[in-house]
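Participant: only geometry, no sequence info:
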């Protein structure tokens, strides 16, 4: 099963749920050890967006378009979005169910948008999320994404095509 998950990660983000926090952490650790991606493991159990933002700043997960003495939080977030769209790294967000709801949904939307708009064969950012349970997350996500005019798939199909639910 674990070997198959490594293949899935090449195409989709992973949402790992079930068992205990320790078992999920060990499962994620196995995946990280067996991939060749540059990995950024965010602090587990982040609750506020500024914790996410602080880690982005600390690890310099952004690429400024211009030089300045200091960048505001909004500028860093814009630079981070561009970094996400141009990067082929693995981001790990563990115990993500604690994150404030509005930012959690925005980050999921951003990452799903990146994989959805990837061209065939193009490398893109990969993300592993872990949390206690799915807790209706896929339904919530299907309400926040937008469909292209010519789209034939449902919102839920788009979510499921870009985010693999792994119940360990």
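Facilitator: On my side now, so go ahead. Not measured: the values here are computed from a predicted model.
Participant: Which strands or helices does the top helix by length along the chain pack on?
Facilitator: As assigned by DSSP state H, the longest helix anywhere in the chain is helix 101-116. Contacts defined by 3 or more C-beta pairs under 8 Å, 6 or more residues apart in numbering; DSSP states H and E place helix 101-116 against strand 13-17, helix 49-59, helix 73-86, helix 137-144, helix 155-162. C-betas here are computed from N, CA, C, even on glycine.
Participant: The same query, at a cut-off of 6 Å, please.
Facilitator: If you count contacts as 3 or more C-beta pairs under 6 Å, 6 or more residues apart in numbering; DSSP states H and E, helix 101-116 packs onto helix 137-144, helix 155-162.
Participant: which phi and psi does residue 42 have?
Facilitator: Note on residue 42: its backbone torsions stand at phi -70, psi 160 [degrees, to the nearest 10].
Participant: Apologies, that question was intended for residue 91.
Facilitator: Dihedral pair for residue 91: phi -100, psi 140, per degrees, to the nearest 10.
Participant: Report the central residue of this protein.
Facilitator: What sits nearest the mean C-alpha location of the chain, by C-alpha atoms, centre = their mean, is residue 127, with 3.7 Å.
Participant: which residues does that residue bridge with?
Facilitator: Note on residue 127: beta-bridge partners residue 91, judged by DSSP bridges.
Participant: Isn't it up against residue 13?
Facilitator: Yes - counting by C-beta atoms under 6 Å, residue 127 does reach residue 13; the two are 4.4 Å apart.
Participant: Now the common contact residues for those two.
Facilitator: Common contacts of residue 127 and residue 13 (C-beta atoms under 6 Å, 6 or more residues apart in numbering): residue 111.
Participant: List the buried residues in stretch 18-32.
Facilitator: Neighbour-count burial for stretch 18-32, counted by 16 or more other C-beta atoms under 10 Å, picks out 18, 24, 25, 27, 28, 31.
Participant: Let me have these in CSV, extended by pLDDT, distance to residue 93 and secondary structure.
Facilitator: Below are those laid out as CSV (pLDDT from 0 to 100; distance: C-beta to C-beta, whole Å; DSSP: H, G, I helix; E, B strand; the rest coil):
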residue, pLDDT, distance to residue 93, secondary structure
18, 95, 17, coil
24, 97, 12, helix
25, 97, 12, helix
27, 96, 14, helix
28, 97, 10, helix
31, 96, 13, helix
